[in-house]
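Undergrad: how does the following fold in three dimensions:
(one chain, ligands or ions: 1)
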Amino acid sequence: MEENVRVRFAPSPTGFLHIGGLRTALYNYLFARHHRGKFILRIEDTDQSRYVENAEQDILSSLEWSGIEVDEGPANPGDFGPYRQSERGDLYNKYAEELIEKGMAYYAFDTTDELDQMRERLQKSGNPSPKYDAVTRQSMKNSLTLPQDEVRKMLDEDAEYVVRLKVPRRETIRFEDLIRGHVSFESKGLDDQVLLKSDGMPTYHLANVVDDHLMEISHVIRGEEWLSSTPKHILLYQALGWEPPKMAHLPLIMSPSGGKLSKRKAESEGIPINTKNYIEQNYEPEALINFLAFLGWSPGDDSEIHSMADLCRLFTLDRVSKGGAVFNHKKLLWYNENYLRDQSNQQLAKRVKEITQNDLIKEAEDDKLAKVIGMVKERVSKVEELIIMGMFFFEDPAEYDEKALKKWGDDSPQLVTDYKSKIHELPDEEFEATILKSKLEEVINAHDVGFGKLMMPLRIAVTGQGFGPDLFSSMELLGKETVLRRIDKALQELG
Ligand code: GLU
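TA: Predicted structure coming up:
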């Protein structure tokens, strides 16, 4: 057990919460709960140009739906607020200035044109990825090259500038990643990172480091795409004289067809990408959480079904994999089925009534609906499929499934008619599954045909479909009058 664990989920409100983001939030949350620490939500909204209204609300409601509880955040501040970077005032300025004073950062006055020219010049001389670095900075317009009084004059005259980190020329930056082990980067591959932009706002790098420090974050757990930012952050921690938090970079989420699961890929492969889509499509939150927990982690045995409480108990970073985790949609549906079946028929009846648009189902008797659900529950993966599959209990089939109709053969009318006369004679109290089944056996024996010869046409007549729950129990629940009416109708329409 680690002491004083404080972790954060730090999304930028630039769109709806992506399932990759939800997994990051989940792993942070599980880690926090495992160590009885705190899970913090920090909104990183310093990039005004990418700000999307309602994105923060979407993040909050997605976390809530998923059962991820925020201990400190914009909606429930703790002692380390504000929890939106845009509300943290000129805090970042202060640290940028401190870095300049210490000689670890500098003002750069170059215009876009001048930067372009520099890149062009370097490209021409055979440098494919020109950088603003220890070498190039010497020929650019910044507070390291210009005389001090000129710098002061420019600042006084409100000239446009950015503040850049003075990345050392030749240094190996090393850190231990709790998932990846020893990681090192060469500083010569790094740009002199912009820390403050010309609009006075901090970049992600500065704000992220300052806030992780001030919010006393113990572990940074985030996606692998941020790994290459980490050396810049380590340099910043060093420059500010701060101890960096422990780092853990989570494996990428991969598409089933290979490569990173991008928005476009997900779309083309029918994978919902935003948490909001899963909410709208009636997925079970416990299923999505269980599935995401296993997308890059496993408890180390064969167990697969785990509640959030279980996951909190079991989760450790040393069982997170380094390699990419493939998003398997079938597996998610398998989890969904499991969590659906876990719920009582009454519970599901309530939910079905909430989501259906169909008046017959909305007004159905709770008891009957629960019975129907009990009969179809084992055959569906999603809650709305209960409605689709159970619909025939509430209305006569308006049409017959085309594929199923292939099983309506020349001998079907005779077999169905014979069956009908047999069940017609049954008193109401004998209209029950075992008797209905024995009547079917009598008919097929008399005609010397297989079970399916009568079973399929009968199913088509009664349900309109080629598959579904046990036919005899279904007929019992539908009642004699309805079953006879449907058989008559089918005989009339199908001949
Ligand atoms: N704001 C970054 C994001 O949108 C945070 C990355 C990090 O966790 O450091 O994911």
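Undergrad: which element is the residue located most distally from the centre of the chain on?
TA: Note on the chain: the largest C-alpha distance from the chain mean falls to A446, namely 57.2 Å (CA atoms, centre = their mean). Assigning secondary structure by DSSP states H and E places A446 in helix 433-447.
Undergrad: run through who's touching that helix.
TA: With CB atoms under 8 Å, 6 or more residues apart in numbering as the contact definition, helix 433-447 has outside contacts at 411, 414-415, 418-419, 422-423, 426, 450-451, 453-455, 458, 470, 472-473, 475-476. Where you see a C-beta, it was placed from the backbone N, CA and C, and this is true even at glycine.
Undergrad: the same query, at a cut-off of 10 Å, please.
TA: 411, 414-423, 425-426, 429-430, 449-455, 458, 470-477, 480, 483 (CB atoms under 10 Å, 6 or more residues apart in numbering).
Undergrad: not counting sequence-adjacent ones, nearest residue to Y283?
TA: N336 (5.9 Å; CB to CB, 6 or more residues apart in numbering).
Undergrad: surely the one you found and I289 touch.
TA: No. N336 is beyond contact range of I289, at 11.3 Å (criterion: CB atoms under 10 Å).
Undergrad: if we can go back for a sec, element containing the residue nearest to Y283?
TA: Residue-wise, N336 maps onto helix 329-341 under DSSP H and E.
Undergrad: which parts of the helix or strand that comes right after that helix are buried?
TA: Using DSSP H and E, the next helix or strand after helix 329-341 towards the C-terminus is helix 345-355. Across helix 345-355, burial judged by 16 or more other CB atoms under 10 Å covers 345, 348-349, 351-353.
Undergrad: wait, which of these is closest to the ligand?
TA: R351 (33.1 Å; CB to the nearest ligand atom).
Undergrad: how about the residues of the stretch 201-350 of the chain by the ligand?
TA: 204, 208, 222, 226 (CB under 6 Å from any ligand atom).
Undergrad: most neighbours among these, which one is it?
TA: N208 (25 neighbours; other CB atoms under 10 Å).
Undergrad: may I have the helix or strand containing that residue exported as PDB, CA atoms only?
TA: In this structure, N208 sits in helix 204-214 according to DSSP H and E. Extracted C-alpha coordinates of helix 204-214, given in PDB (Å, rounded to 0.1, in the frame of the first residue of the first chain):
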ATOM      1  CA  TYR A 204       0.100  22.300 -21.600                       C
ATOM      2  CA  HIS A 205       3.600  21.500 -20.500                       C
ATOM      3  CA  LEU A 206       4.000  24.400 -18.100                       C
ATOM      4  CA  ALA A 207       0.500  24.300 -16.700                       C
ATOM      5  CA  ASN A 208       0.600  20.500 -16.300                       C
ATOM      6  CA  VAL A 209       3.900  20.500 -14.300                       C
ATOM      7  CA  VAL A 210       3.000  23.500 -12.100                       C
ATOM      8  CA  ASP A 211      -0.400  22.000 -11.200                       C
ATOM      9  CA  ASP A 212       0.800  18.500 -10.700                       C
ATOM     10  CA  HIS A 213       3.300  20.000  -8.200                       C
ATOM     11  CA  LEU A 214       0.900  22.400  -6.500                       C
END
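Undergrad: show me what counts as buried in that helix.
TA: 204-213.
Undergrad: can you tell me which of those residues is nearest E399?
TA: Y204 (56.5 Å; CB to CB).
Undergrad: hang on, the closest one packs against A10?
TA: Yes. In this structure, Y204 is within contact of A10 by CB under 10 Å, at 9.2 Å.
Undergrad: any common contacting residues for those two?
TA: 44, 85, 226.
Undergrad: before we move on, the earlier item: got TSV for the residues of the stretch 201-350 of the chain next to the ligand, with distance to K322 and pLDDT too?
TA: TSV is the format used below for these (distance: CB to CB, whole Å; pLDDT from 0 to 100):
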residue	distance to K322	pLDDT
Y204	24	96
N208	23	98
R222	15	98
W226	15	97
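Undergrad: any idea which of those is the one closest to the ligand?
TA: Closest approach between those and the ligand, by CB to the nearest ligand atom: R222, at 3.5 Å.
Undergrad: restricting to C-alpha, output stretch 424-444 in PDB.
TA: The C-alpha coordinates for stretch 424-444 follow below in PDB (Å, rounded to 0.1, in the frame of the first residue of the first chain):
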ATOM      1  CA  HIS A 424     -58.300 -25.900 -30.200                       C
ATOM      2  CA  GLU A 425     -59.800 -28.800 -28.200                       C
ATOM      3  CA  LEU A 426     -57.700 -28.100 -25.100                       C
ATOM      4  CA  PRO A 427     -59.400 -26.500 -22.200                       C
ATOM      5  CA  ASP A 428     -57.800 -23.200 -21.100                       C
ATOM      6  CA  GLU A 429     -56.100 -24.700 -18.000                       C
ATOM      7  CA  GLU A 430     -54.400 -27.300 -20.200                       C
ATOM      8  CA  PHE A 431     -53.000 -24.700 -22.500                       C
ATOM      9  CA  GLU A 432     -49.500 -25.000 -21.100                       C
ATOM     10  CA  ALA A 433     -46.000 -25.700 -22.400                       C
ATOM     11  CA  THR A 434     -45.600 -29.400 -21.800                       C
ATOM     12  CA  ILE A 435     -49.000 -30.300 -23.200                       C
ATOM     13  CA  LEU A 436     -48.500 -28.000 -26.200                       C
ATOM     14  CA  LYS A 437     -45.300 -29.800 -26.900                       C
ATOM     15  CA  SER A 438     -46.800 -33.200 -26.700                       C
ATOM     16  CA  LYS A 439     -49.500 -32.100 -29.200                       C
ATOM     17  CA  LEU A 440     -46.800 -31.200 -31.600                       C
ATOM     18  CA  GLU A 441     -45.200 -34.600 -31.200                       C
ATOM     19  CA  GLU A 442     -48.500 -36.300 -31.900                       C
ATOM     20  CA  VAL A 443     -48.800 -34.400 -35.200                       C
ATOM     21  CA  ILE A 444     -45.300 -35.000 -36.400                       C
END
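Undergrad: rounded mean pLDDT for it, please.
TA: Regarding stretch 424-444, the rounded mean pLDDT is 96.
Undergrad: centre of the chain to it, how far?
TA: 50 Å (CA atoms, centre = their mean, to the nearest Å).
Undergrad: next, give phi and psi for P397.
TA: phi -60, psi 130 (degrees, to the nearest 10).
Undergrad: show me where the stretch 51-200 of the chain has helices.
TA: Ranges of helices in the stretch 51-200 of the chain, per DSSP state H, counting those that start in this stretch, are 55-66, 91-101, 112-124, 148-156.
Undergrad: comparing those helices, which comes out most buried?
TA: helix 55-66 (a mean of 19; mean count of other CB atoms under 10 Å).
Undergrad: same for it, what does it pack against?
TA: helix 19-34, strand 38-41, helix 275-280, helix 285-293 (3 or more CB pairs under 10 Å, 6 or more residues apart in numbering; DSSP states H and E).
Undergrad: distance from the third one to the middle of the chain?
TA: The reference is to helix 275-280. Relative to the centre of its chain, helix 275-280 is centred 8 Å away, using CA atoms, centre = their mean.
Undergrad: on that earlier part again, need the helices and strands packed on helix 55-66 in a markdown table (columns: mean pLDDT).
TA: Formatted as a markdown table, the helices and strands packed on helix 55-66 follow (pLDDT from 0 to 100):
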| stretch | mean pLDDT |
| --- | --- |
| helix 19-34 | 98 |
| strand 38-41 | 98 |
| helix 275-280 | 97 |
| helix 285-293 | 98 |
